[in-house]
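Peer 1: Can you look at this prediction? I've put the sequence above it.
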Amino acid sequence: MKRNKHKKLGKKTKRIVAVMEVIMLSFIMSIPCFAAIDVGAITKPIDVIKTVLIAVVVGIGTIVLILGVVDLVTSWGDHNTGGLKTAAFKIAAGGLLVGISTLLALMGY
């Protein structure tokens with residue numbers, strides 16, 4: 001009379017054995033799959049959008065920087081301390097916006 005080798009095992013142990021068998025079979029029967037398409041073709045539109053957005057930000061930053069310098073010169077001539085402060089903030093904001101492209105280039109984007 002043949003006995004089933006799993007007959008003595010409990011339900012929990014049978015489930016553990018079944019899960020282990022599935023895991024082992026998934027490792028044994030796995031087949032590597034390689035993409036047959038060019039990844040650059042997929043990411044090219046995203047790169048174009050990224051380049052355009054960076055160019056727009058740099059353009060706006062340049063305009064804000066120039067306006068800040070103009071405000072600084074006019075406020076300096078009028079001895080307007082509030083205008084000097086505003087102009088300094090504009091220059092700082094414009095410099096940050098222009099520097100974003102350099103920062104992204106250094107980071108590899």
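Peer 2: The structure has been received and is ready for your questions.
Peer 1: Poorly predicted segments of the protein, please.
Peer 2: 1-9, 34-36 (pLDDT under 70).
Peer 1: Tell me which stretches of it form helices.
Peer 2: Ranges of helices within the chain are 11-28, 39-78, 81-107, based on DSSP state H.
Peer 1: Save those as a markdown table, and put in mean neighbour count too.
Peer 2: To be clear about C-beta, it is placed using only N, CA and C from the backbone, and glycine gets the same treatment. A markdown table is the format used below for the helices of the chain (neighbours: other Cβ atoms under 10 Å):
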| stretch | mean neighbour count |
| --- | --- |
| helix 11-28 | 10 |
| helix 39-78 | 13 |
| helix 81-107 | 14 |
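Peer 1: for I63, what are its contacts?
Peer 2: The contact partners of I63, taken as Cβ atoms under 8 Å, 6 or more residues apart in numbering, are G94.
Peer 1: what's the answer for S101, then?
Peer 2: Counting by Cβ under 8 Å, 6+ apart, S101 has contacts I54, V57, V58.
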